[in-house]
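Chemist: Provided below for reference: sequence and predicted model.
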Amino acid sequence: LDEPLLWEKGSKGRMAFSMPENDVPAAELDPSLLGAGPDFPDLSEVDVVRHYTRLSQWNFGVDTGMYPLGSCTMKYNPKINERFAAMPEITSAHPMLEAEDCQGLLQLQYDLQEELARITGMDATTLQPAAGAQGEFTGMLAFACFHKSNGEKRSKILIPDTAHGTNPASASLCGFKPVSLKSNDTGVLDAAEVERLMDEDTAGIMLTIPNTLGIFERDIRKIADIVHAKGGLVYGDGANMNASMGMIDYKRCGVDIMHLNLHKTFSTPHGGGGPGAGAVCAVNRLLPFLPRPMVIKDGESYKLDFDRPQSLGRVHAFYGNYGVLVRTHSYIRSMGGNGLRLASQLAVLNANYIKAELRDTFHLGYETETLHECVFSDANQVEYGVTTLDMAKRLIDYGYHPPTIYFPLIVHGAIMIEPTETECKADIDLFIGAMKQVAQEAIDDADLLHSAPVNTKVGRLDETLAARKPCLRG
Amino acid sequence: LDEPLLWEKGSKGRMAFSMPENDVPAAELDPSLLGAGPDFPDLSEVDVVRHYTRLSQWNFGVDTGMYPLGSCTMKYNPKINERFAAMPEITSAHPMLEAEDCQGLLQLQYDLQEELARITGMDATTLQPAAGAQGEFTGMLAFACFHKSNGEKRSKILIPDTAHGTNPASASLCGFKPVSLKSNDTGVLDAAEVERLMDEDTAGIMLTIPNTLGIFERDIRKIADIVHAKGGLVYGDGANMNASMGMIDYKRCGVDIMHLNLHKTFSTPHGGGGPGAGAVCAVNRLLPFLPRPMVIKDGESYKLDFDRPQSLGRVHAFYGNYGVLVRTHSYIRSMGGNGLRLASQLAVLNANYIKAELRDTFHLGYETETLHECVFSDANQVEYGVTTLDMAKRLIDYGYHPPTIYFPLIVHGAIMIEPTETECKADIDLFIGAMKQVAQEAIDDADLLHSAPVNTKVGRLDETLAARKPCLRG
Amino acid sequence: MRYLPHTEEEIQEMLEVVGKESLDDLFSSVPAECRYQGDIPIPAALTEWQLKDHFAALMSKNRVNQEHKVLIGAGSYDHYVPEILPSLMSRSEFLTAYTPYQPEVAQGTLQGIFEYQTLTARLLGTDAVNASMYDGASALAESALMSFRIARKKKTVALSAAIHPHYREVVATYLQATDFTIIELPVDAEGRTDLSSLAGIEGLASVAIQSPNFFGVVEDLQGCGEKIHDVDALFISCFSEALAYGLLKSPGECGADIICGEGQSFGLGRSYGGPGVGMMGCRDKLVRNMPGRIVGQTLDTKGKRGFVLTLATREQHIRREKATSNICSNQGICAMTAGMYMATLGGTGIRQLARLNYDKAAYLRSELIKLGAKPLFDAPVFNEFALRFPFDFERVREALKEESVVAGLSLEAYYPDLQGAYLFCATETLKKEDIDRIVSSIKKHALQEV
Amino acid sequence: MRYLPHTEEEIQEMLEVVGKESLDDLFSSVPAECRYQGDIPIPAALTEWQLKDHFAALMSKNRVNQEHKVLIGAGSYDHYVPEILPSLMSRSEFLTAYTPYQPEVAQGTLQGIFEYQTLTARLLGTDAVNASMYDGASALAESALMSFRIARKKKTVALSAAIHPHYREVVATYLQATDFTIIELPVDAEGRTDLSSLAGIEGLASVAIQSPNFFGVVEDLQGCGEKIHDVDALFISCFSEALAYGLLKSPGECGADIICGEGQSFGLGRSYGGPGVGMMGCRDKLVRNMPGRIVGQTLDTKGKRGFVLTLATREQHIRREKATSNICSNQGICAMTAGMYMATLGGTGIRQLARLNYDKAAYLRSELIKLGAKPLFDAPVFNEFALRFPFDFERVREALKEESVVAGLSLEAYYPDLQGAYLFCATETLKKEDIDRIVSSIKKHALQEV
């Protein structure tokens, strides 16, 4: 079913909102402040309901099917977590209540701070950042504050070529100039290269663990030592934490501060682009710099600690995306410590199984052992005039969300697959079958792939047109 | 996306249920009573979630689009009503609580009994019947009890040829032999015909008001008088009550007892076939015969009255589909008395508008004035080899649920359209356009209609095969 | 009015097309003497927010609520409902659809019901299950009527006195205007149905046994089946607690011809008695006598598997008064929910859960016996059991309500000769610590009383 | 484990294909010195039912809950949320989707966000709106950064002291590691921002004004715009209460170049401060300097209308460190919800609702003035207002908590010179009878105190 835009519907005077009657006198209003009122369409409740119901039917979510979007960790989002986030005790809570009036809300935050510290192996947690990128920014600011507390202002930062696009952007927001670190031909960093580039004007290094090829940086301890020796700090991008729970201790790796994407590893739904949450965990020596306020325990009660003179300040109007934190805590307590470790183990198993089954069909960028994701390319298919994009779009017709494509940049035509642990073997086998069939089609009938997808509401969209002649509103 | 049957999925040992640990000792169990355990597939939570999410996507509901299914009153089902039905105070309530422990639950029933009596103009209500057909059955039993209380056992009942299929079935369950009453060429009953057939062995008459052609029986008062004069009773089938709220007084029409389909007129969702609710309203002289228990008010408190010696008994294990009653009460109070009347007026307006716009395209069975629905036929299209079924299936491709077809039986190839009041003019205009286009296609390209629908998960299904070689389970 | 989309202008435009002056004019075919007089005396519309206040106020009047431990089963059971059930079943494509008359746009409902039928048939050990009845009570009444259709001239059904009293009332209601007769079979000292009188009953079409019965006692269904078939009657096996068959032998396996009961335990709230779902099934050879909608598998024009409502020739819209029954709308989405609940548990889960229920009730029972309570019956029970206390339990029970416990159901209203006896229920929702607390509370109050 | 589908057998089969002995072996690439030691010290998994108990117990520790009337706004507002919003936004196709990188399977999200952008642009009177920022505070910080990109060499932003203190803190955080400077503009006696010092500021890139400001005072945006443009700075207009623009002149109309603020009022709960949604928009000519995702309209291969993420060249995955910002995930479904809220109100509704809020606050204010309270400022207010009482209000406020009322926010922590002043908020959720009850309670306690 097609569905017009909201303002192509409706009729003046309709209303879907249940408007209360005014039971107080009309107050005087300075006419010079009065606007004309926004030009919104007037709709009935059924108009609105059908509109969004239809829109939803054009979308593909985790509940629709497998979503092997590398580095995005599209695992199943438990329904029960939604119920807790919707508890009226929570949705009605004003963020400026006095601490003694909202001990339950504070305790949840405190407990989650502790839980995340335990899962990563770090010492302390702030829950304020609203997304992974804001977590990175927070971490980079902590770097700056740390150096400042030492009377330094360092200007550079080391960032591997496998880093997420947000890493350099976050660093540069804090005044650091990114210095690119090349990975070697096994897909990891050489300690020697770090040694060569690390100096006393370099604030530190940003490492993704495991990296965006799904590979663990085997020299990480050595690299951390080099960086620390020069007075630098090690940042951990925890977007790939789903490979690590209960298996990797980030503090032991030498990480000083790291962010977690709660909407990835900890199963909160992505909502078509958010809200996420980007908790940041740090070792004790960076604790003084974490955002203000933090929740602390004071005897038997909990309170917000504003008295943090070295804090980098506030990154959110209140305490971050609290509703997302609720879901995270619910997930952690539903899984328990052992469940979390098993989740990571099975996530790695699933990814390695796919890699083993598809390595004869698709070209593998690196032979190095990988964890929760694997990166193929279209190298075997280019000779038939078929690209990664064509194959991705064709997968849609088979009922799958495509993998992440053309990332990481160091693999030409990358196809980055992360199945997560919530996919069962039978479904993974079907996906492997579909991938093989697409590869066969690339040989037999390239045009089929060029014209994909065909079973969707719209065909391939003209992104150039969109950018060249922007139409950003109706 | 396709989706296999449940038992074509799964893997032994999985479980989507959160199983509590056993914290009590294992009790002894007589092995001779022990079964092998049912052969159910073992699934994970994500298996179950995706399964039903996909299934849902093959369905068409009111939230999907217009559902002009005549006599079914597929109006919009307000979301807020679902919230009330899901209140833990309600979903957790055991039906055998003592009255003093559940005054709120009882008051809701009492208030709804009153509300329905007021809306129909009748004196009393029972909420026990679980569906319209059970309401009819209850009404027919009341007939039997009434005559028995007069020392009579009557054997026949008058039922018009426009009646719903359930009417004769309900009557015969109570030992009455249906006598068919022919409607005249204006689509209504002649009082003279009733006069001819009504006798002292006839328990009464079952009338649908307005009837299944959407026509009000203009002689209803006269007919009721005839029936009453012979000691008979008048039953009102209230399936079409959506035409009547605040406009027709059923008691003044001469009706003695009637049922309401709460899932039609009162907006509770149909659930793909239930649960419905078939409240029965009666005039005072039939009150003694209504089911046991009834909720009564005793001073300031409410109680279940079991002391009803003439009652026809119990038709439900407890008090009917309480959850549906909750939604009904919510709807009635959201609309208010005037809102309900306006709903009926607009339902009638919508139906008459469609009738006016389509009468040149489709053949109209009767020229008589109609209320909330109208009945066309395929008489204008048969010459092109196109039937009502073909047109109904083609409408699916246009994004509509088809109207009721081949009913009522007195209109050959009937197309029975009931838009309800929750459809707006713009959407009705689109529907009218689609209907006209289908009629045009019938002329231009009959095969297009024969092969419809094409945009659905399956094409036309072989119903003969299903009945000839029943496969009723996997 | 948020549910009514018409603006004044639209109403005028439409009236013009229709050729009427006003909304009232649309009703000119309704004679004055039939017209509603004045306004409907129901208060003005409430906003969504007033409505929320209204319901909150109403439900706050209940003295017993979701915080209470209510140790009553008796046909309505407290089981955990997995969150995914309401979350999926509230999807509007399921919830706001009609009966699947147009199968091409209702494959979701149809496949879901077909799966419900299949899992229920497997649970009950029978061949065919319909798309649901209203509840366990009417399913039993329809089963009796079905047995009369099969047994033709025979006009008597025998009902065990241990069948839920409300179910028996409903059967009586359904049969009252017919020439069929009901005979009641007594309960023996063990708490099981005494079938010794069967041979003497004339024209016996069928015998209905509930297991676990109203007292929670597991009947010897196998033995019942043999005795009933010996007198050439049909064996109707009934239940109010479907979960029992996760553990116990299925009625079909024990020879039941018609099986019926209540499926509320499978993912549906108690909701003050409804909606639940009536389950009903039978052997293949009887299926054309079974009432109610049935979904069957078939093929589309391209040979693809699909599902439709089938065997409609049994139904009232085809056969009118000759139909097997008048049932039309049933408990569709409740049946879907029950199917989903069974899928959520799986074979492994339903066994574990049933066992858990069995053990919990056994524990509660043994703890109450330690307080001096005397069980009414010694036969094995599932979930529920009846007993008498050596002290005035009614006063204790009232005191427990103050502690948020409703301790059992007094049986006297249902069986006058069982004065002072109480029926208890324990399910997986009752923790050991709850049981221990309740038992010690009973002890405390019982002592105080002396 | 209900979320983990693997059976033991499947794990073994898969390990075999992978060529590993055990799950642990899969991590052989992680050196021993990096391995996690022992078990994660988090208690064993809770069942769904234990989890429900856990959350219920946790939240019962809040002394203030949903039963309380909390008369605080200050950036987080209590508005009615129509039931259809959570009901539709919880549809899993929306909720469990990722950022729409693959537009063909994300047209629902994309059209929904395009509609959000459009309605928000209309509300704010501007040309282009992005697909959301984290919240009002970071949206303001990003607006300041954006103004520096546009104004090139200028390095100072002036912030009104009447901007939400937390927002100003966040701006300070965002700018602390840069060479940009913040200047604070004082509040005048009327409660509006005093712009008289503007002319004297060197290198002024932009001036940010909040309206209604933190004190609820409606700023003279038109006048501000003129004064700010006079000194050749960019005018950033900020807000924490989006609903105000249902009634007031839009910032765009008043000349704002960049507009940003918080959209929590539009259908989102307070949820202890988040998730809300940061709204951000600007004039067309500035759009390539705006951070954040943007949805644009385009055509597919067959010429059919469709929507995609666009202008990605501004973003970090293309430009890396040269990006307009690092924002990536935003508040997607919150933006969709806000869009839906605006659609639910419509043009007619938003005006009525905004008016209702205006009137409620005016009524509460006038009633408190009758008790002797002195307003801090006389300029017109929307929803919120600040005042001082002629008695020790803190004690009264504590007493009111026992009556389920949280009466305003003490301003002292935010503005040390405003000792004894309180900020109150009233929205459509506050009934006249509530206001009257609260006012008379205040009176009663104030008298008792004397």
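Modeler: Right, received. Where do you want to start? Numbers count the residues shown, from 1 in each chain, chains lettered A, B, ... in the order given.
Chemist: Check the gap between residue A:77 and residue D:95 for me.
Modeler: 7 Å (C-beta to C-beta, to the nearest Å). Heads up, the C-betas are built off the backbone N, CA and C, glycines and all.
Chemist: wait, residue A:345
Modeler: 27 Å.
Chemist: pull the longest helix from chain A.
Modeler: The longest helix of chain A (DSSP state H) is helix A:322-358.
Chemist: next helix or strand past that one?
Modeler: strand A:363-364 (DSSP states H and E).
Chemist: do that following strand and chain D meet?
Modeler: No. Judged by C-beta under 8 Å from any C-beta of the partner chain, strand A:363-364 stays clear of chain D, getting no closer than 14.1 Å.
Chemist: does the longest helix of chain A come close to chain D?
Modeler: Yes. Helix A:322-358 reaches chain D (C-beta under 8 Å from any C-beta) through A:322-324, A:330, A:332-343, A:345-346, A:348-350, A:352-353, A:356-357.
Chemist: Which pLDDT value belongs to residue 342?
Modeler: Unless you meant another one, I'm taking chain A. Looking at residue A:342, its pLDDT stands at 98.
Chemist: That was the other one, I meant chain C.
Modeler: 98.
Chemist: Let me see the ranges of the strands in the stretch 1-150 of chain C.
Modeler: C:69-70, C:128-129 (DSSP state E, counting those that start in this stretch).
Chemist: right, I mislabeled it, should have said the stretch 201-350 of chain A
Modeler: According to DSSP E, counting those that start in this stretch, the strands that the stretch 201-350 of chain A contains are A:202-208, A:233-238, A:257-260, A:280-282, A:294-298, A:301-305.
Chemist: For the fifth one, list every residue counted as buried.
Modeler: The neighbour-count check on strand A:294-298 (16 or more other C-beta atoms under 10 Å in any protein chain shown) flags A:294-295 as buried.
Chemist: Parallel or antiparallel, list what pairs with it.
Modeler: Note on strand A:294-298: by DSSP bridges, its sheet partners are strand A:301-305 (antiparallel).
Chemist: hmm, back to that, now the strands of the stretch 201-350 of chain A as TSV including mean pLDDT?
Modeler: Below are the strands of the stretch 201-350 of chain A laid out as TSV (pLDDT from 0 to 100):
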stretch	mean pLDDT
strand A:202-208	97
strand A:233-238	98
strand A:257-260	98
strand A:280-282	98
strand A:294-298	97
strand A:301-305	97
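Chemist: shared neighbours of residue A:77 and residue D:95, which are they?
Modeler: Common contact partners of residue A:77 and residue D:95 (C-beta atoms under 8 Å, 6 or more residues apart in numbering or on different chains): residue A:269.
Chemist: Contacts only, for the spatially most central residue of chain A.
Modeler: In chain A, the residue lying closest to the centroid (C-alpha atoms, centre = their mean) is residue A:261, at 4.8 Å. Contacts for residue A:261 (C-beta under 8 Å, 6+ apart) come out as A:73, A:131-132, A:135, A:238-239, A:241, A:276-278, D:329.
Chemist: now, among those residues, which is nearest to residue D:272?
Modeler: Closest approach between those and residue D:272, by C-beta to C-beta: residue A:277, at 13.1 Å.
Chemist: From residue A:296, how far out is the closest one?
Modeler: From residue A:277 to residue A:296 the distance is 20 Å (C-beta to C-beta).
Chemist: And for residue C:431?
Modeler: 34 Å.
Chemist: What of residue C:372?
Modeler: Taken as C-beta to C-beta, the span from residue C:372 to residue A:296 is 54 Å.
Chemist: Now residue A:11. Its backbone dihedrals?
Modeler: With angles defined as degrees, to the nearest 10, residue A:11 sits at phi -160, psi 130.
Chemist: Next up, the contacts around it.
Modeler: Contacts of residue A:11 (C-beta under 8 Å, 6+ apart): A:42, B:424-426, C:5, C:7, C:9-10.
Chemist: Quick check: what element follows the helix or strand harbouring residue A:138 along the chain?
Modeler: Element membership of residue A:138, judged by DSSP H and E, is helix A:132-149. Moving toward the C-terminus from helix A:132-149, the next helix or strand (DSSP H and E) is strand A:156-160.
Chemist: Give the pairing partners of that following strand; include direction for each.
Modeler: Short version: by DSSP bridges, strand A:156-160 pairs with strand A:177-181 (parallel), strand A:202-208 (parallel).
Chemist: got the residues of the stretch 1-150 of chain A near chain C?
Modeler: Near chain C, when you scan the stretch 1-150 of chain A using C-beta under 8 Å from any C-beta, you find A:11-21, A:44-47, A:49, A:53, A:78-80, A:82-83.
Chemist: just checking, which of those belong to helices?
Modeler: Those of these lying in helices (DSSP H): A:45-47, A:49, A:53, A:79-80, A:82-83.
Chemist: which one of those residues is nearest residue D:104?
Modeler: For those, the nearest to residue D:104 is residue A:53 (19.7 Å; C-beta to C-beta).
Chemist: Need phi/psi at the residue in the stretch 351-450 of chain C that chain B sits nearest to.
Modeler: Ranked by C-beta to the nearest C-beta, the top residue of the stretch 351-450 of chain C for proximity to chain B is residue C:362, at 3.3 Å. Main-chain dihedrals, residue C:362, degrees, to the nearest 10: phi -60, psi -40.
Chemist: isn't it right up against residue B:27?
Modeler: Yes. Between residue C:362 and residue B:27 there is a contact at 3.3 Å, judged by C-beta atoms under 8 Å.
Chemist: So for these two, which residue has more residues nearby?
Modeler: residue C:362 (22 against 16; other C-beta atoms under 10 Å in any protein chain shown).
Chemist: Now do the strands in the stretch 301-450 of chain C.
Modeler: Under DSSP E, counting those that start in this stretch, the stretch 301-450 of chain C gives strands at C:305-310, C:374-375, C:384-388, C:405-406, C:409-410, C:421-425.
Chemist: Pretty sure residue C:344 sits against residue C:84.
Modeler: Yes. Counting by C-beta under 8 Å, residue C:344 touches residue C:84, with 6.9 Å between them.
Chemist: residues shared between the contacts of those two?
Modeler: Contacts common to residue C:344 and residue C:84, judged by C-beta under 8 Å, 6+ apart, are B:16, B:45, B:48.
Chemist: I'd like the distance between the last one and residue C:419.
Modeler: The gap separating residue B:48 from residue C:419 is 47 Å, by C-beta to C-beta.
Chemist: What is the burial count for the residue of the stretch 201-350 of chain C found nearest chain D?
Modeler: Closest residue of the stretch 201-350 of chain C to chain D, C-beta to the nearest C-beta: residue C:344 (8.7 Å). The tally of other residues near residue C:344 (other C-beta under 10 Å) stands at 27.
Chemist: Over to the most centrally placed residue in chain C: give its phi and psi.
Modeler: Nearest to the geometric centre of chain C sits residue C:262, at 3.0 Å (C-alpha atoms, centre = their mean). With angles defined as degrees, to the nearest 10, residue C:262 sits at phi -100, psi 140.
Chemist: between the strands paired with strand A:156-160, which gets nearest to residue D:254?
Modeler: strand A:177-181 (39.3 Å).
Chemist: contacting residues around residue 329?
Modeler: Reading this off chain A. When contacts are taken as C-beta under 8 Å, 6+ apart, residue A:329 is in contact with A:108, A:111-112, A:115.
Chemist: The intended chain is chain C.
Modeler: B:131-133, B:261, B:263, B:270, B:273-276, C:99.
Chemist: Output the residues you listed as CSV; include the columns pLDDT.
Modeler: Shown next, in CSV, are the contacts of residue C:329 (pLDDT from 0 to 100):
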residue, pLDDT
B:131, 97
B:132, 96
B:133, 96
B:261, 97
B:263, 96
B:270, 97
B:273, 95
B:274, 94
B:275, 97
B:276, 96
C:99, 96
